[in-house]
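Enquirer: Need a 3D model of the following:
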Amino acid sequence: MLVPVTIRLPRRTAQALRRAHLEQRLKDAKPDTQQEIAEEALADWLAKYGYLD
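Expert: Now for the predicted structure:
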């Protein structure tokens, strides 16, 4: 189940996320949506610092 969360990102980070999303789609690679990329990045950080098992 997905829960809506709103965050603000620096322009540089948002541009990098958009670029990653577009390049992943062109390569037909996963993750390929901004949602999936952000979710994976956040989950990795949360796990690294012990907030996510």
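Enquirer: what residues are up against the residue nearest in space to the middle of the chain?
Expert: Closest residue to the average C-alpha location of the chain: Ala38 at 1.3 Å, with C-alpha atoms, centre = their mean. Taking C-beta atoms under 8 Å, 6 or more residues apart in numbering as the definition of contact, the neighbours of Ala38 are Leu17. Every C-beta, even on glycine, is put in place using the N, C-alpha and C of the backbone.
Enquirer: tell me which element it falls in.
Expert: Taking DSSP states H and E as the definition, one finds Ala38 inside helix 34-48.
Enquirer: Could you give me the buried positions within that helix?
Expert: Neighbour counts using 16 or more other C-beta atoms under 10 Å place Ile37, Ala38 of helix 34-48 among the buried residues.
Enquirer: how about it as CSV, C-alpha atoms only?
Expert: Coordinates of the C-alpha atoms in helix 34-48 are reproduced here as CSV (Å, rounded to 0.1, in the frame of the first residue of the first chain):
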residue,chain,number,x,y,z
GLN,A,34,10.5,8.5,-10.3
GLN,A,35,8.4,6.8,-7.6
GLU,A,36,10.4,3.5,-7.8
ILE,A,37,13.8,5.3,-7.9
ALA,A,38,12.9,7.5,-4.9
GLU,A,39,11.5,4.6,-3.0
GLU,A,40,14.6,2.5,-3.5
ALA,A,41,16.9,5.4,-2.6
LEU,A,42,15.0,6.2,0.6
ALA,A,43,14.7,2.5,1.6
ASP,A,44,18.5,2.1,1.2
TRP,A,45,19.2,5.1,3.4
LEU,A,46,16.7,4.1,6.0
ALA,A,47,18.1,0.6,6.2
LYS,A,48,21.7,1.8,6.3
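Enquirer: what's the offset of it from the middle of its chain?
Expert: Chain-centre distance of helix 34-48: 5 Å, with C-alpha atoms, centre = their mean, to the nearest Å.
Enquirer: Kind regards, and thank you for your time.
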